[in-house]
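Participant: quick one, what's the 3D model for this:
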Amino acid sequence: MIKKILYIFLIVYFGSLVFISLLCPILEYERSPSASICYSFLKNFCHQIPSRCLWILGSNIGLCSRCFCLYLSFFVISIFLFVTKKLNSMSLKKTFLISLLLGFPLVIDGGTKLITDYLSNNWLRSITGMLAGSGFALLSTNFLKGGIWK
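Facilitator: Just a heads-up that it's a prediction; the model follows:
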């Protein structure tokens with residue numbers, strides 16, 4: 001039961017980050033003072049460099065494109081896996097390997113930036129974020145599945 005609660009907490013947590021990040025530009029567009037509170041809150045989860053962010057209504061969302069897509073894909077894939085219970089036959093070892101492979105492009109892209117002057121674009125950041133978020137969702141779902149589906 002505790003694993004199921006933890007898993008639901010993770011879904012709500014990442015879903016809330018996505019929701020708040022989409023709310024930020026709407027609040028800023030409406031000139032609400034709450035916009036700065038949202039941006040400040042999300043600063044704890046992302047660097048928020050404007051050139052690396054997605055934009056809505058002339059304002060950046062509260063997360064960079066990589067973080068936003070990572071959180072969004074974790075949220076969506078986790079809900080899908082939770083509802084459909086598609087991981088019953090997959091071993092933890094196999095899931096770990098697939099998750100590692102899904103996270104590898106993010107490591108390559110981010111690691112290349114640390115070592116060289118290479119700058120990736122937002123499309124590449126978004127794709128690597130989606131892959132890594134999917135891998136994290138797959139791994140956490142499979143890791144916690146014993147307590148969720150039994």
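
Participant: make it CA atoms for all contacts and neighbour counts henceforth
Facilitator: Noted.

Participant: residues of the lowest-mean-pLDDT helix or strand in the chain that come out buried?
Facilitator: The weakest-scoring helix or strand in the chain, judged by mean pLDDT, DSSP states H and E, is helix 122-148 (a mean of 84). Neighbour-count burial for helix 122-148 flags 122, 125-143, 145, 148 (criterion: 16 or more other C-alpha atoms under 10 Å).

Participant: CA atoms of the longest strand anywhere in the chain as PDB?
Facilitator: When the chain is scanned for its longest strand (criterion: DSSP state E), the result is strand 59-64. Only the C-alpha atoms of strand 59-64 are listed here, as PDB (Å, rounded to 0.1, in the frame of the first residue of the first chain):
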ATOM      1  CA  SER A  59       6.200  34.500 -21.800                       C
ATOM      2  CA  ASN A  60       8.400  31.600 -21.100                       C
ATOM      3  CA  ILE A  61       6.900  28.600 -19.200                       C
ATOM      4  CA  GLY A  62       8.400  28.200 -15.800                       C
ATOM      5  CA  LEU A  63      10.700  25.300 -16.900                       C
ATOM      6  CA  CYS A  64      13.300  24.900 -19.600                       C
END
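
Participant: toward the C-terminus, what is the element adjacent to it?
Facilitator: Elements were assigned by DSSP states H and E; along the chain past strand 59-64, the next helix or strand is helix 65-84.

Participant: which helices and strands does that following helix pack with?
Facilitator: helix 2-29, helix 122-148 (3 or more C-alpha pairs under 8 Å, 6 or more residues apart in numbering; DSSP states H and E).

Participant: could you say which helix or strand holds Pro105?
Facilitator: helix 92-115.

Participant: and that helix with helix 65-84, angle?
Facilitator: 170 degrees (axes from the mean of the first three to the mean of the last three C-alpha atoms, to 10 degrees).

Participant: and helix 92-115, average pLDDT?
Facilitator: Mean per-residue pLDDT for helix 92-115: 87.

Participant: buried sites along it?
Facilitator: Using 16+ other C-alpha under 10 Å as the burial criterion, the residues of helix 92-115 that qualify are 92, 95-96, 98-100, 102-106, 109-110.

Participant: fine by me, we can end here.
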